[in-house]
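Chemist: Would you be able to build a 3D model of this:
(chains A and B)
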Amino acid sequence: MKVHCQPHGKVTVLVPHGPLVTDEVVYLRCSIEEAVASAAKRVVIDMADVPYLDSAGIELLLETCGLQLSTAQRPKLAAFSETCREALELTDVLPRLEAFDSVDSALRSCQR
Amino acid sequence: MLACDLALLFPLADGANATPLLASEGRILLIGLTVAGVALLIGTVSLWLNRRRSADTTFPQLEPHGVQHPILPALQHEESTTLGPITTAIQRWLDELSEARDIWGTLDLLIRQVLAQQLNARHVRCYHVRSGHDTIEPLTSSPNTTPTESSARAGVLGHVATTGREYLADDPSHGELVDDLAARCREHWAWVWPVIGTDGPIGVIAVGESTGPADTIATHRAAVAQLLTFCWRHVLATEQLQLVRRTDHASGVLTRHEFFTLAESALNDSYAANEPVVVAVLVLEGLRGLDDDGRWRERDGLVEQVGRLIAARVRSDDLVGRFADDRFVVLLRRLDSGLGRLIAEKMLIAINETIGELGELREVVRLRLGLSGSGLRQPAFTELLERAFDAVERARTANVSLECDLPTHGTPGQQS
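Modeler: You can find the predicted model right below:
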């Protein structure tokens, strides 16, 4: 999995490409930890190019983006594909994440 | 006759399913009548159109320039008949529609050709009106793009889709508000009209440009719109008929034959993309007891509810079929064993909650679930199915709700 990093002012947008599955979660985990640790920047993860995820992917999202974390530490998730969104809904995980329909909406919420 | 013939395609699984079949017959009868009515009306409209056209010498004899792969050869080559070449061509088109792989794509092509030939129309776009008229979506998309939905509450297209009223750029009677709406649109539309179904607009057809004598086009426009509306409704009826044929009438999920066909294809696609799958078999125990007690209605209601619940608890990529009277099978794609099990457990909870709400039924009916997963090995679908059925049998023997035969390794995914 490739993860591109795009700075948007005070926000860092991470763009993972490919399925978020067991063998690939390590790449996104490293990118998230790095982005959260660097300075006082907020993080948005653009999930549009993640076609599907498995249990390891869901676990990673809960662990690194779950509502149990403070707002500053917690990346916002945006633009889930339909398959990912359905999987998160069916497993009752979606309400435990901060998810937005689009990256723009997530970026706007960072400015509030 | 049509309704009777169609009803033979859906024989009863058993006597207890009589009530849902009657509902299905009613639906098929309605569709049959619609199709027959459409054919009759097309003949009438086409006759009128043809007579108008032959009487009106000022109307240009338009060629289908710029149209590739014509589907209406009769319009170009055949001699006029009593009802005219357009009737012959449209009737042939309707006859062959059910054989078409992409019925909506075929309709899109027909609309473009008819509008080009009859009204010299260019820049034609056709849209479905979806989701309770909240979104519009192109009738077709190119092979490399997915259809993009847009709001049915924006622009001239949205105005026509929500109000069900025709829009004509040259008509001053639609008022300033609509003029402002049109002025703000990126695209200029000369004529946009709604395709009206039984419950309101089901489609929108937009024409960017239409040349030729204005009065003649104005006269023909209504007839063309009516003709294309009939064709659109016929395609919709055909789609609904195809859906009925693919669906088990008692539970609303795929029939066993349809499920096998689609599952084999889906499995090949998944394996080609190096994606594992999980197969779930759900067995409703105790249905025979309900039959023996004469509680057929409760039994049928339960089967219908379970079918609906299963379909609601899987993703749109997944497939659900009814294999036998009391057995459902689900093919879950693009997931590892862990997520497959999680989805199955949530499904089990949802169905058991429903059974629990059915009073006495919870004492009689029991749901068991067996899971099997492909892992990295890519076994045949029949093997996965056998393993899932074996898991259900083990669950029954151990008197538990869920048994799994899942590999321990994770999802391979794609190479990065």
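
Chemist: and for stretch A:32-46, what are the contacting residues?
Modeler: A:5, A:8, A:10-16, A:28, A:64-65, A:72-73, A:75-79, A:103, A:106-107, A:110 (Cβ atoms under 8 Å, 6 or more residues apart in numbering or on different chains). For the C-beta atoms, the positions are set from N, CA and C on the backbone; glycine is no exception.

Chemist: Mark which of those residues are part of strands, please.
Modeler: Taking DSSP state E, the ones among the contacts of stretch A:32-46 that sit in strands are A:5, A:8, A:11-16, A:76-78.

Chemist: Write out the residues of chain A neighbouring chain B.
Modeler: In this structure, chain A approaches chain B at residues A:1-2, A:17-19, A:21-24, A:27, A:51-56, A:58, A:82-83, A:86-87, A:90-92, judged by Cβ under 8 Å from any Cβ of the partner chain.

Chemist: Give me the pLDDT value at the residue lying closest to A:Leu77 once chain neighbours are set aside.
Modeler: Distances taken as Cβ to Cβ, 6 or more residues apart in numbering or on different chains place A:Ala99 nearest to A:Leu77, at 4.7 Å, with adjacent residues excluded. Per-residue pLDDT puts A:Ala99 at 93.

Chemist: Please apply the same query to A:Thr83.
Modeler: pLDDT at A:Thr83 comes out at 88.

Chemist: dump the residue contacts of it.
Modeler: Here A:Thr83 is in contact with A:51-52, B:315-317, B:334 (criterion: Cβ under 8 Å, 6+ apart).

Chemist: Please compute how far the helix or strand where it lies lies from its chain's middle.
Modeler: For A:Thr83, the enclosing helix or strand under DSSP states H and E is helix A:82-90. Distance, stretch centre to chain centre, for helix A:82-90: 14 Å (Cα atoms, centre = their mean, to the nearest Å).

Chemist: max-length helix in chain A?
Modeler: helix A:25-37 (DSSP state H).

Chemist: in it, what's buried?
Modeler: A:25, A:27-28, A:31-32, A:35-36 (16 or more other Cβ atoms under 10 Å in any protein chain shown).

Chemist: per-residue pLDDT, whatever residue of the stretch 151-300 of chain B ends up closest to chain A?
Modeler: Of all residues in the stretch 151-300 of chain B, B:Glu275 sits closest to chain A, at 7.7 Å by Cβ to the nearest Cβ. At B:Glu275, the predicted lDDT confidence score is 87.

Chemist: B:Tyr271 too?
Modeler: Confidence for B:Tyr271, expressed as pLDDT, is 92.

Chemist: Would you map the strands across the stretch 151-300 of chain B?
Modeler: B:167-168, B:191-197, B:200-210, B:277-285 (DSSP state E, counting those that start in this stretch).

Chemist: Please identify the most buried of those strands.
Modeler: strand B:277-285 (a mean of 24; mean count of other Cβ atoms under 10 Å in any protein chain shown).

Chemist: Where does the prediction get shaky in the chain?
Modeler: Because you didn't say which chain, this covers chain A. A:39-40, A:112 (pLDDT under 70).

Chemist: should've been chain B
Modeler: B:1-84, B:131-134, B:141-153, B:408-416.

Chemist: Show me where it has its helices.
Modeler: Under DSSP H, chain B gives helices at B:2-7, B:18-55, B:74-77, B:85-97, B:103-119, B:155-163, B:176-184, B:214-246, B:256-272, B:287-292, B:296-312, B:337-356, B:361-364, B:381-398.

Chemist: The last one: which residues count as buried?
Modeler: Under the neighbour-count criterion of 16+ other Cβ under 10 Å, helix B:381-398 has B:381, B:384-389, B:391-392, B:395 buried.

Chemist: Give me the residues contacting it.
Modeler: So helix B:381-398 is contacted by B:260, B:263-264, B:267, B:277, B:279-281, B:283, B:285, B:329, B:368-374, B:401-405 (Cβ under 8 Å, 6+ apart).

Chemist: tell me the angle that helix makes with helix B:256-272.
Modeler: 110 degrees (axes from the mean of the first three to the mean of the last three Cα atoms, to 10 degrees).
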